[in-house]
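*Asks:* need a structure here:
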Amino acid sequence: MGPVRLALLLSVAAVLAAAGAVYIPYNTSAGVVPGKLNVHVVPHTHDDVGWLKTVDQYYVGSNNSIQGACVQNVLDSLIPALLKDENRKFIYVEQAFFQRWWRNQNDMIKDTVKGLISSGRLELINGGMCMHDEAAVHYIDMIDQTTLGHKYIKEEFGQIPRIGWQIDPFGHSAVQAYLLGAEVGFDAFYFFRIDYQDRDTRKGTKELEVVWRGSKTLGSSADIFAGIFPKNYEPPPGDFYFEVDDNSPVVQDDPLLFDYNVEERVNDFVAAAVAQANITRTNHIMFTMGTDFKYQYAESWFRNMDKLIHYVNKDGRINALYSTPSIYTDAKYAANEQWPLKTNDFFPYADNPNAYWTGYFTSRPALKRYVRMMSGYYLAARQLEFFKGRYSSGLSTDSLGDALALAQHHDAVTGTEKQHVANDYAKRLSIGYTQAQELVSTSLACLTESGSKSRCASPVTKFSQVSPWLVFILFYQMAPILFFALRILMMRITLRVEGVSSRLPMSLLRGISNVELREVDVDAQFQSHGPVVSSCAVSAECSSLQGGGQFSVHECPGSGQLIECPEELCQFGSQQGVGQISVLTEELCQFGSQQGVGQISVLTGPGNGQLNGCLEDHNQIGCQQVGALAGNLGSVADCEVLLPRESPVAATSPPLLLRPKPIQVYFRRRRGARRVEETALGSSPSQPPAAAVNVSTSRVSEFLSSITKECLLLNVTYCPPSEMDLTKGKSLVVLVYNSLGWKREDVIRIPVFSDSIVVHDSEGREIESQLLPIATASLNIREKHVKAYLGTTPGAKPKFWLAFPVSVPPLGFNTYFVSNLKKSAHISSKSTQYSPQGSESSNLQVGQGNLKLQYNEAGKLSLYSDSKTMVQANFEQKYKYYIGQDGNGSDPQASGAYIFRPNGTVPISTDGQVSLTVLRGPILDEVHQQINSWIFQITRLYKEKDFLETEFIVGPIPVDDGNGKEVATEIVTNMVTNKTFYTDSSGRDFIKRIRDYRSEWKIEVHQPIAGNYYPVNLGIYVEDGSKELSVLVDRSIGGSSIKDGQIELMLHRRLLHDDGKGVAEALNETVCLDKQCEGLIIQGKYYVKIDPQGEGARWRRTFGQEIYSPLLLAFTEQDGGNWANSHVAKFSAMDSTYSLPDNVAMLTLQELEDGSVLLRFAHLYEAGEDKDLSSLASIDLKRVFPEKKIGKVIETSLSANQERAAMEKKRLKWKAQGSAADEKVVRGGPVDPSKLVVELGPMEIRTFIVSFDHISDKQQL
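*Replies:* Prediction:
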């Protein structure tokens, strides 16, 4: 370099330095500029509420060996960054995380954040607890989880989300567009994942942004603006990732430093904007600045975006501005454009020729079934919670609602999470069920004991696990015997602990001082000189558990066996650093009330006082001893003392790799703590509710005989209440609750021992019943899974299923009595058992009613005939499996949790003779068939029903040959269906599918099987002009019609290779027992019916509701006729002469905190679906609440966060190309406050807040 040039550069540098070149005030105040290309810069993060880590691990930032993600850091760093510049903006989606964070903030931070939200600088969009899936979810669950989030946002911040933001689900449903879009008041809906061929086509025609008409019934009244991102939900091409550990070049604008690159970065930004503008209509485009778990150091992002906006606008070619999807949507609307019209949905999704994301429609079928079971239970439990009175017993359904909300996440119910995360979702559902179950039993007890419909306070009858003592059920799923201490929070000091054998294990009480208890689902963390905490516990009963056990805690005389902390056992020493009291982390056991459970442990390694940047400030003194105590097999003594430091710990950077966890004191929100008299508790509001809920002096054996359970494991033939000994004069009381709004006739089945049984109804009449021998395959599952799930061997095996018909009023129950009787005209009939051999199977006919099935000489179904409808069809049902592609070929794409990629297009079928056993009886016939060594099925035909039920047991799927397998069942008829079939959209509308065809682009078929699979939540059907073949399912699965006249359902998947879509784990579910692991066994049902053309909808809709809301069974016992003579045996919450119309379902009946009721009704039929029921329906609210005086009825949006009229008034009305001007949409009219009649048009869902005027308790429900 020459001397003159060097001198010039030095002079320039000196001038810049003198002018203060280090500080540059960036101008970020730009708004929309007419006539220019406006780039809306939208900062965001996408935070999965579970995927590779659990939701709590993601929030606190633990388990970072899997993924370095901490949502707490995102939100902590976001607020200061937003405050630095009033023009900065941000959007946040997942309320499950935001609410966790919000509860830990002080008032000053809360006031600041409320200001950011009210000014629009921080926008809460989408607003649900999670970003729910759209394929493997039911529409009721979608509504519920969205309502939870929207309700919180409205109550806490006074805000109403305007925008749907479903950027990561793997395909998008029509129900999402119109129901969870337009009907919740959204003005727009933005997403990313559509078929790669569809995206390419839309880019060429500038149709990435459309008006989406998701419902052909509701038409334009439920239209929504939909924006599809051109590539993904990340920053645009050109390297604009600005996390501290990202590799993108930052905007270096200091000329005194090397690598000055402003011009280069501006050109990259402009090039990306122009490219996107060329495929987008109007002069507005959106840049999504963020991706998964970004903004953990928010200032890094905003500093670079400040510079980009500043320099791009100085450049002048385009205009860049901080924006949000709401601002962007308003700009699009102001353009007054007419947009392309989109109908139907965006399934299936593929991101390359051999990667169809259709495997997750079935992945983890056990979890999918669990979610569906809990969903129906939640609906019923909220009804009973209302009948009893919310919080009247200190219990609520909140825990189950929260768990279900998380389970709808697009990496939860989908089955695309890691195994330990799937376990976490299931655990949360189990905890929620435990709480809801106690509420249900209390409510049912109240309703059976009150002669009127008034609310009761202290029921005597015990349904489920309500007890006079506090009972803990411990479950440990590992095989080795462990000794560990159980610690719980208690108020009383006179307590006795007993084990199942009535022995008194060592126990003690130890005071805890100055501990912050919060009635929320979060940790109480000590920060900056925490108070002294000391605890010590000794337990000696776990040694005999071997996988499960039961403890009871109750008040005892002052001479109870209490001991002081055995400090003589411990050699105390001081340990610097951060320690922990582990309560739910590293969990080893669970119990009913869930108020503090787990292994008390001591941190053995050093700590640096930092938890992801948060100082934890205390010393720990601790010890642990494992040994024998007098009279017990073994024990653990564990003591800790946590002392405040004299001075804060200096932060180190970076934190140690093994970050210590915070001190945790859990007090679950209203979980398992029932209200007791204040005189027993003390009246101080700072005291938590007592965990010991009642006082009793009964022995354990007497106590255990006074309670019964709901039979959650009835599907594996395990129901301890029904397996009672009936030979000693006792009777089994079976209470059957119906959560539907119409009368229900059904058949229930329970396992029993006795073969001399009689059943009476609530009026004392003997009714017909039938005994069916329990199949060996079912008993084998019982033995294995009861031991795996409960940790105990189930004991003697019941011999029979007892089947009997029940009739249950709407929103009510009926009671039946099962007793042992030697002689009776109506003693339960034993089924006739018949096992035909060879040619004896030829033309074997099964069925006692109108519907009959015929089997051929190979033992296979051959003919379906219904004498009532005169429908007859050749009919075959069989199983097959696809071999999962291992990804070792020229294309490395494997079949996995997300992807369905069969190895070839020809399935491997099961052939040969199929043995069968026929059971005949007056109520139903059964056909038992062992298809092969790992597939068993039972086909049932009920005398009074016109469909067949198939129960299947599949697994363990063998993989010894090195091949993963995807098991499907086929139903094959001779119907000519012209490549056409219909599948439901999230359990709601049915959508027409045509094999190898897409209506909006010409598809190039690379995967003829996987590419024709669709999600099935309710059912699938085909038609041929004269009849309809329908199949309904009990959970979310994948299904298709690969050939004309055929329907297939994928039931189970077990694969050995990861599919490369992020989860990094093969879908290989196993169950481990006694140190041996084998593949997961799936048990489930599907239902089949053939109707005359045009008549199948009635069964699909009505029975579909019955599948979703099964009858709820509760059990107790009686001596003689005592129970029947002193209890209400039959009940309906509605007028005794009234039921909802056949085309209407009550989706929600939920009491809110202020005593009002959230009420939601759904019309079940589409326009033109049924000649009679696709019509306007009316509901008389006075007869729904006959003993309530209705004060006010306010119609709201679907998510109940705004009045419907206000929503409709402000919602944007978009112009769509080709929209019919003369369309007729039928919707219900306003509710007259004097008549109180609600109208519903086809496919309409209406939501109300109903307030009741105060009337006497005698008149109340």
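*Asks:* which ones are touching E337?
*Replies:* R281, T282, K1215 (C-beta atoms under 8 Å, 6 or more residues apart in numbering). No exception for glycine: its C-beta is placed from N, CA and C like everyone else's.
*Asks:* try it again with 7 Å
*Replies:* Listed by C-beta atoms under 7 Å, 6 or more residues apart in numbering, the contact partners of E337 are R281, T282.
*Asks:* Kindly report the same for D141.
*Replies:* S375, L404, Q408.
*Asks:* Could you say which helix or strand holds it?
*Replies:* Using DSSP states H and E, D141 sits in helix 139-157.
*Asks:* would CSV of the contacts of D141 with neighbour count, secondary structure and pLDDT be doable?
*Replies:* As requested, the contacts of D141 are exported to CSV (neighbours: other C-beta atoms under 10 Å; DSSP: H, G, I helix; E, B strand; the rest coil; pLDDT from 0 to 100):
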residue, neighbour count, secondary structure, pLDDT
S375, 22, helix, 97
L404, 28, helix, 98
Q408, 27, coil, 98
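*Asks:* and of those residues, the nearest to K880?
*Replies:* S375 (30.1 Å; C-beta to C-beta).
*Asks:* nearest residue to the closest one other than its sequence neighbours?
*Replies:* Distances taken as C-beta to C-beta, 6 or more residues apart in numbering put D141 closest to S375, at 5.3 Å, once the chain neighbours are dropped.
*Asks:* Check which residues of the lengthiest helix in the chain are buried.
*Replies:* When the chain is parsed with DSSP state H, its longest helix is helix 419-449. By 16 or more other C-beta atoms under 10 Å, the buried positions in helix 419-449 come out as 421-422, 424-448.
*Asks:* Give the residue spans of the stretch 751-900 of the chain that score low on pLDDT.
*Replies:* For the stretch 751-900 of the chain, the stretches flagged by pLDDT under 70 are 822-828, 837-841.
*Asks:* Just the local confidence number for the residue nearest the centre of the chain, please.
*Replies:* What sits nearest the mean C-alpha location of the chain, by C-alpha atoms, centre = their mean, is A407, with 2.5 Å. pLDDT, A407: 98.
*Asks:* residue contacts, it?
*Replies:* V371, V413, Y425, L429.
*Asks:* State the distance from it to R372.
*Replies:* 10 Å (C-beta to C-beta, to the nearest Å).
*Asks:* Packing partners of the longest strand seen in the chain?
*Replies:* The longest strand of the chain (DSSP state E) is strand 871-883. Packing partners of strand 871-883 (3 or more C-beta pairs under 7 Å, 6 or more residues apart in numbering; DSSP states H and E): strand 861-866, strand 908-909, strand 965-973, strand 1082-1092.
*Asks:* now the angle from the first one to strand 871-883?
*Replies:* In this case it means strand 861-866. 140 degrees (axes from the mean of the first three to the mean of the last three C-alpha atoms, to 10 degrees).
*Asks:* Can you give the distance from strand 861-866 to the centre of its chain?
*Replies:* Strand 861-866 sits 38 Å away from the centroid of its parent chain (C-alpha atoms, centre = their mean, to the nearest Å).
*Asks:* That strand pairs with which strands?
*Replies:* If you go by DSSP bridges, strand 861-866 pairs up with strand 851-855 (antiparallel), strand 871-883 (antiparallel).
*Asks:* Present those as CSV; the columns should include mean neighbour count and distance to D746.
*Replies:* Formatted as CSV, those follow (neighbours: other C-beta atoms under 10 Å; distance: least, C-beta to C-beta, whole Å):
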stretch, mean neighbour count, distance to D746
strand 851-855, 21, 16
strand 871-883, 19, 23
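*Asks:* Could I get the ones you listed in CSV, plus columns for distance to V266?
*Replies:* Below are those laid out as CSV (distance: least, C-beta to C-beta, whole Å):
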stretch, distance to V266
strand 851-855, 73
strand 871-883, 52
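*Asks:* closest one to G227 among those?
*Replies:* strand 871-883 (35.9 Å).
*Asks:* So which bits of the helix holding D141 are buried?
*Replies:* So for helix 139-157, counting by 16+ other C-beta under 10 Å, buried means 139-154, 156-157.
*Asks:* ok, back up a step: can you show me the CA trace of the longest strand of the chain as CSV?
*Replies:* Written as CSV, here are the backbone C-alpha positions of strand 871-883 (Å, rounded to 0.1, in the frame of the first residue of the first chain):
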residue,chain,number,x,y,z
VAL,A,871,-77.9,-54.7,2.1
GLN,A,872,-75.6,-57.5,1.1
ALA,A,873,-72.0,-57.5,0.0
ASN,A,874,-69.1,-59.8,-0.5
PHE,A,875,-66.9,-59.0,2.5
GLU,A,876,-63.4,-60.0,3.5
GLN,A,877,-61.3,-58.8,6.4
LYS,A,878,-57.6,-59.6,6.7
TYR,A,879,-54.3,-58.3,8.1
LYS,A,880,-51.0,-57.4,6.4
TYR,A,881,-47.9,-55.5,7.1
TYR,A,882,-45.6,-53.3,5.2
ILE,A,883,-41.8,-53.7,5.6
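*Asks:* P348 reaches Y1014, doesn't it?
*Replies:* Yes: the criterion here is C-beta atoms under 7 Å, and P348 meets it with Y1014 at 6.4 Å.
*Asks:* hmm, back to that, quick one: list the elements packing against the longest helix of the chain.
*Replies:* Checking 3+ C-beta pairs under 7 Å, 6+ apart, helix 419-449 ends up next to helix 365-388, helix 398-407, strand 730-738.
*Asks:* Packing partners of the first one?
*Replies:* Contact partners of helix 365-388 among helices and strands, from 3+ C-beta pairs under 7 Å, 6+ apart: helix 398-407, helix 419-449, strand 1082-1092, strand 1144-1151.
*Asks:* repeat for the last one
*Replies:* Applying 3+ C-beta pairs under 7 Å, 6+ apart, one finds that strand 730-738 makes contact with helix 419-449, strand 800-808, strand 812-820, strand 1112-1119.
*Asks:* at 8 Å what do you get?
*Replies:* helix 419-449, strand 744-752, strand 800-808, strand 812-820, strand 1112-1119, helix 1122-1126 (3 or more C-beta pairs under 8 Å, 6 or more residues apart in numbering; DSSP states H and E).
*Asks:* Show the contacting residues for T1102.
*Replies:* By C-beta under 8 Å, 6+ apart, the contact set of T1102 is D1142, L1164.
*Asks:* Can you tell me the element it falls in?
*Replies:* helix 1097-1108.
*Asks:* Now that helix: average pLDDT?
*Replies:* Here the average pLDDT along helix 1097-1108 is 97.
*Asks:* Stretch 281-295 too?
*Replies:* For stretch 281-295, the per-residue pLDDT averages 97.
*Asks:* and what of stretch 24-39?
*Replies:* 94.
*Asks:* Enumerate the positions of that stretch that are buried.
*Replies:* Those would be Y26, T28, A30, V32, L37, N38, V39, for stretch 24-39 by 16+ other C-beta under 10 Å.
*Asks:* which stretches of the chain have low pLDDT?
*Replies:* 1-23, 391-393, 450-709, 822-828, 837-841, 904-912, 1120, 1220-1222, 1255-1261.
*Asks:* per-domain residue ranges of it.
*Replies:* 39-360, 861-1108, 1135-1259 (automatic domain parsing).
*Asks:* between the ones you listed, which one is nearest to M724?
*Replies:* So among the domains of the chain, domain 861-1108 is nearest, using C-beta to C-beta, at 22.3 Å.
*Asks:* first vs last residue of that closest one, how far apart are they?
*Replies:* Start and end residues of domain 861-1108 are separated by 28 Å (C-alpha to C-alpha, to the nearest Å).
*Asks:* Run the chain-centre distance for it.
*Replies:* 23 Å.
*Asks:* can you check stretch 166-183 too?
*Replies:* On C-alpha atoms, centre = their mean, the centre of stretch 166-183 falls 17 Å from that of its chain.
*Asks:* Between its first and last residues, how far does that stretch reach?
*Replies:* So stretch 166-183: terminal residues 16 Å apart, C-alpha to C-alpha.
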